[in-house]
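Novice: test case, fold it:
(one chain, ligands or ions: 1)
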Amino acid sequence: MVSRVIPVDVFDLVIFGATGDLARRKILPALYRRHSAGQMPADSRIIGAARADLTDTGFRDQVRAALAEFVPETARDQTATDEFLARISYVPVDATEDAGWGRLSGMMRAGVVRAFYFSVAPSLFGDIASRLHDHGIADAQSRIVVEKPFGRDLASARALNGVLAQHFSEAQIYRIDHYLGKETVQNLMAVRFANILFEPLWKAEYVDHVQITVAETVGVNGRGAYYDKSGAMRDMVQNHMMQLLCLIAMEPPYHFDPDAVRDEKLKVIRALKPVQPENIVRGQYSAAGNEPGYADHAENPASRTESYIALKVHVSNWRWQGVPFYLRTGKRLRARASEIAITFKQPPHAIFDDAKGWQENVLVIRLQPNEGMNLMVMIKEPGPGGMRLMQVPLDMSFAEALGAEADEVPDAYERLIMDVIRGNQTLFMRGDEVEAAWAWTDPIIEGWEGRGDRPQAYDPGSSGPEDALMLMHRDGRRWREIR
Ligand code: BG6
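Specialist: From the prediction side, this is the model:
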């Protein structure tokens, strides 16, 4: 394989909340891997900033421990670790007080990319943004990175956008949805727009329905307090599932350019119809044997929060008129499996008498694990005895097709952080996109809250609640198996 690591410009990256969970688990390990891959110029620096009163050495010890925990041993190396730690320094700052900010300001260098990662609660975004501004730490070229949850409804998302906009232009704000950094999610665009094969069929005339599944085996243990206030709709659908839906449903952008791509995604979100109550199924995993259920994990016996949701959604535009998009996501399901399946319609006229074996063409894009594509096609069943049909998969696993190259694919955070340094916003959500997603989500949540709906119980290790099966059966369709 040809090494495609293209070094980025020299940068100073300040991580606010540097001692927190996200920094330890994702941001610092991702930076380490990019360092090891040779993508960071030698004089690029990482500055940890948090409330804890640590020295550079104290923080480096924490980073070393985080790498030991979250970077596999096979990807770690003593020399690379020492070099990486040498890039790192630390400044104690409190987002709500002035101490420390002068020192941080003094550390900034002219002529290098400045990026500020807000790995903190959204309630601190405003304080940090205004202190960066007041202390002259951020300049017009600086970038800020913010994480989900970006608000919990339209009003709060607007308020956050407003707070950031006081000091930063949209071109400086990088809102992370880590699904967009996943290799296979980006591949959706390549499959659609770099092949002539699929696009002519990609419309209501030929597509029967689309299924988007993001199934997880993990529960909400350890995150119950956050999750119980969110639920699957806010945690997964408003952002990750919405992005997948957009990439499947959007029109071809005129160019692979940040605003061209995001304009097209926005049009899809705006075209989403309101969802009627009969097209929503919410579930909550129950306890099984000694294993705690959702309510135990959330420490809220009366919780009405959903750990599973299935929705039938319509994109109200010319291309998708009448085509249902079935979305489902949940915790503690049978398998960790994320995929998008596009089921095509029957040929307009059956020429074979014995159509018994006939099944629809299905294009399955497996996002994780075992990334790949699978196209179900009809062939003649081999052997004598007339023309009988059977369905076979044209199966491509990326790991097999790409060999060792597939192992070198950077994870979502590695790619996204490097995109921030490069100044490429294509894989980040624009403010209007996030607001449009909430504008669609809010009435759905308000609807079930107003009706006092309770989620249906489902067994851990199952495919979700019974009613979700009915959502498809009613339409004469079936969910694909989760496995
Ligand atoms: C996060 C959600 O954004 O995405 C989690 O908050 C979820 O609840 C996670 O588990 C799923 O991400 P991935 O990359 O494991 O599919």
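
Novice: hey, where'd the helices end up in the stretch 101-250 of the chain?
Specialist: 101-107, 125-134, 154-165, 183-193, 224-228, 231-232, 242-249 (DSSP state H, counting those that start in this stretch).

Novice: please identify the most buried of these.
Specialist: helix 231-232 (a mean of 26; mean count of other C-beta atoms under 10 Å). Yep, even glycine has a C-beta here, placed from its N, CA and C like the rest.

Novice: elements contacting that one?
Specialist: Helix 231-232 sits against strand 308-314, with contacts defined as 3 or more C-beta pairs under 8 Å, 6 or more residues apart in numbering; DSSP states H and E.

Novice: what pairs with the strand it packs on, parallel or antiparallel?
Specialist: For strand 308-314, the paired strands and their directions (DSSP bridges) read strand 280-285 (antiparallel), strand 324-330 (antiparallel).

Novice: which residues in the stretch 351-483 of the chain form helices?
Specialist: Using DSSP H, counting those that start in this stretch, helices in the stretch 351-483 of the chain cover 398-402, 404-407, 412-422, 431-451, 466-473.

Novice: can I get these in a markdown table with distance to R336, mean neighbour count and mean pLDDT?
Specialist: Listed next are these as a markdown table, based on distance: least, C-beta to C-beta, whole Å; neighbours: other C-beta atoms under 10 Å; pLDDT from 0 to 100:
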| stretch | distance to R336 | mean neighbour count | mean pLDDT |
| --- | --- | --- | --- |
| helix 398-402 | 16 | 14 | 77 |
| helix 404-407 | 18 | 12 | 68 |
| helix 412-422 | 16 | 22 | 96 |
| helix 431-451 | 24 | 18 | 98 |
| helix 466-473 | 18 | 16 | 96 |
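
Novice: of all these, which lies closest to P92?
Specialist: helix 412-422 (23.1 Å; C-beta to C-beta).

Novice: the closest one packs against which elements?
Specialist: So helix 412-422, by 3+ C-beta pairs under 8 Å, 6+ apart, packs with strand 11-16, helix 28-36, strand 113-118, strand 143-146, strand 173-175.

Novice: need those in TSV with mean neighbour count, distance to K267 and mean pLDDT, can you?
Specialist: Below are these laid out as TSV (neighbours: other C-beta atoms under 10 Å; distance: least, C-beta to C-beta, whole Å; pLDDT from 0 to 100):
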stretch	mean neighbour count	distance to K267	mean pLDDT
strand 11-16	24	33	98
helix 28-36	22	31	96
strand 113-118	23	29	97
strand 143-146	23	24	97
strand 173-175	23	18	98
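
Novice: pipe the ones you listed into CSV and attach distance to M418 per row.
Specialist: What follows is those, written out as CSV (distance: least, C-beta to C-beta, whole Å):
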stretch, distance to M418
strand 11-16, 10
helix 28-36, 6
strand 113-118, 11
strand 143-146, 12
strand 173-175, 12
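
Novice: for L164, find the nearest of the ones you listed.
Specialist: Checking the helices and strands packed on helix 412-422 against L164 by C-beta to C-beta gives strand 173-175 as the closest, at 5.6 Å.

Novice: quick one: that closest one to chain centroid distance?
Specialist: Mean C-alpha position of strand 173-175 versus that of the full chain (C-alpha atoms, centre = their mean, to the nearest Å) differs by 14 Å.

Novice: what helix or strand is L67 on?
Specialist: Under the criterion of DSSP states H and E, L67 resides in helix 56-70.

Novice: after that helix, which helix or strand is next? Please name it.
Specialist: Downstream of helix 56-70, the first helix or strand assigned by DSSP H and E is helix 78-86.

Novice: report the buried residues of that next one.
Specialist: A80, T81, F84, L85 (16 or more other C-beta atoms under 10 Å).

Novice: reformat those as a markdown table; add distance to Q186.
Specialist: Formatted as a markdown table, the buried residues of helix 78-86 follow (distance: C-beta to C-beta, whole Å):
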| residue | distance to Q186 |
| --- | --- |
| A80 | 27 |
| T81 | 29 |
| F84 | 26 |
| L85 | 31 |
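
Novice: so where's the stretch 1-150 of the chain shaky on pLDDT?
Specialist: 1-3 (pLDDT under 70).

Novice: one more pass at 90, please.
Specialist: 1-7, 98-99, 140, 148-149 (pLDDT under 90).

Novice: start to end distance for stretch 42-54?
Specialist: End-to-end distance of stretch 42-54 (C-alpha to C-alpha, to the nearest Å): 25 Å.

Novice: buried set for it?
Specialist: S44, R45, I46, I47, G48, A49, A50, R51, L54.

Novice: next: stretch 320-333.
Specialist: Buried, per 16+ other C-beta under 10 Å, within stretch 320-333: W320, V323, P324, F325, Y326, L327, R328, T329, G330, K331, R332, L333.

Novice: chain center to it: distance?
Specialist: With C-alpha atoms, centre = their mean, you get 16 Å for stretch 320-333.

Novice: ok, stretch 331-340 next?
Specialist: Its chain's C-alpha centre and that of stretch 331-340 lie 14 Å apart, by C-alpha atoms, centre = their mean.

Novice: stretch 117-125 now?
Specialist: Offset of stretch 117-125 from its chain centre (C-alpha atoms, centre = their mean): 19 Å.

Novice: pLDDT score assigned to P410?
Specialist: At P410, the pLDDT value in this model is 80.

Novice: my guess is it contacts R33. True?
Specialist: Yes: using C-beta atoms under 8 Å, P410 is in contact with R33, at 6.8 Å.

Novice: now what about stretch 415-429, what contacts it?
Specialist: 8-9, 11, 13, 27, 30-31, 34, 39, 113, 115, 117, 143, 145, 150, 171, 173-178, 180-181, 183, 186, 239, 243, 256-258, 261-262, 410 (C-beta atoms under 8 Å, 6 or more residues apart in numbering).

Novice: where's G464 relative to K331, distance?
Specialist: For G464, the distance to K331 (C-beta to C-beta, to the nearest Å) stands at 10 Å.

Novice: overlap of the contact sets of the two?
Specialist: With C-beta under 8 Å, 6+ apart as the test, G464 and K331 both reach Y308.
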